[in-house]
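Engineer: Sequence first, predicted model second:
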Amino acid sequence: MMMNVMVVMVVMMMMMVVMMMMMVVMVMVMMMMMMMMMVMMLLMAMMMLKLMIMMKLMRMRMRMVTIMMVTMTMMMLMTCLSPLAVYGSECAEMRKRQIQVYQEAAASVVQARHRMGETPTNASNACCFCWCCCCSCSCLTVRGEEETIQRSVCERRTEITINCEESPRPTLEEARSWSTSFEKVMKSAAGCSCFRQFLRTEFSEENMMFWMACEELKKETNKTVVEEKVRQIYEDFISILSPKEVSLDSHVRDVINRNMLEPTSHTFEEAQQQIYTLMQRDSYPRYINSAEYADLLKTLEEPPPEP
């Protein structure tokens, strides 16, 4: 009996040990599962953090891209609008200078009349230099003389145009020499005529007209006529309001505006040189390679008709 009791007790103790070992194994398994869950949570936290950082970087990049796009748009707008603003300010400035030049020219005409001993009765109001056709203007006495001078200038200008258009027919040797240098074209009356006709087809005839007007101005010695010619050339070719305005840079325009305070026969010398260079570099090569020049040479090469 005692042996049976002891066997039962030993079996029960072994079962308890086995159960305790199983419980220990279960606790260990649960701890491992908890560790795995903690690792997974840590990985998820790291992934979330990485995702947040990426989103933040993307937002920052988007903001930077947006700022750059806005900045570039503003710069483009400023670049597009700045020439208009500069042009508007330049127009206003040029208009002020033109008015000042006109007034100075009028005053110089009055001074010239004083020196000639022909003081007008209303000279005190002559400096207004009216450009309208108002009959009540107080400068009519000055205008009379100015209109006479202006008429003579226009007549001389017309004579220049007629002489150039009706220049003698060039010889074949003379026409061929034009291709060697631009200077030979400008020194030839027939060359000026043919080259001017070519410029007319390119809508740049005003360059030749301005150059010829400056050449005629250099030949003038009468101070009053010089002042009137200078004013007329300024109105015809320099003023931004003229349809025949020539292309000059701002430096040359400033020089002209300074020279207009005391007009001389060399007032437009620098502008004339710039236009001469422009025609030489731009229009002259096209003229030499043009069909007009080739047709002229072909016509001159043909024998004259027998009488």
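Structural biologist: Received, thanks. Note that this is a predicted model, so its numbers are computed, not measured. Numbering: from 1, shown residues only.
Engineer: Per-residue pLDDT of residue 111, please?
Structural biologist: Residue 111 is assigned a pLDDT of 61 by the prediction.
Engineer: same deal with the one 3 residues further on?
Structural biologist: Residue 114 is assigned a predicted lDDT (pLDDT) of 58.
Engineer: Numbering from 44 from now on, please.
Structural biologist: Let's use 44 as the start, then, which means that last one is residue 157.
Engineer: just the strands in this structure please.
Structural biologist: Counting by DSSP state E, the chain yields no residue ranges for strands.
Engineer: Run through it and note the low-pLDDT ranges.
Structural biologist: Counting by pLDDT under 70, the chain contains low-confidence residues at 122-210, 346-350.
Engineer: One more pass at 90, please.
Structural biologist: Counting by pLDDT under 90, the chain contains low-confidence residues at 44-59, 62-63, 80-213, 283-284, 344-350.
Engineer: now the helices for it?
Structural biologist: Defined through DSSP state H, the helices belonging to the chain, from first to last, are 45-158, 183-208, 215-220, 225-230, 232-244, 248-262, 266-276, 293-302, 312-321, 327-331, 334-344.
Engineer: what residues does the shortest one touch?
Structural biologist: The reference is to helix 327-331. Applying CB atoms under 8 Å, 6 or more residues apart in numbering, the set of residues contacting helix 327-331 from outside is 221-222, 225, 228, 238, 241, 245, 336. For glycine as for every other residue, the C-beta is placed from the backbone atoms N, C-alpha and C.
Engineer: if you set the cut-off to 10 Å instead, what comes out?
Structural biologist: The set of residues that contact helix 327-331 without belonging to it, under CB atoms under 10 Å, 6 or more residues apart in numbering, is 221-225, 228-229, 234, 237-238, 240-242, 244-245, 321-322, 335-337.
Engineer: The third one too?
Structural biologist: Residues outside helix 215-220 that contact it (CB under 10 Å, 6+ apart): 211-214, 227-228, 231, 233-234, 237, 336, 339-340, 342-345.
Engineer: which of the residues you listed are buried?
Structural biologist: With burial judged by 16 or more other CB atoms under 10 Å, the buried subset of those is 213, 228, 231, 233-234, 237, 336, 339, 343.
Engineer: can you put the residues you listed in a markdown table and add distance to residue 289?
Structural biologist: Formatted as a markdown table, these follow (distance: CB to CB, whole Å):
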| residue | distance to residue 289 |
| --- | --- |
| 213 | 27 |
| 228 | 19 |
| 231 | 22 |
| 233 | 24 |
| 234 | 20 |
| 237 | 20 |
| 336 | 23 |
| 339 | 26 |
| 343 | 31 |
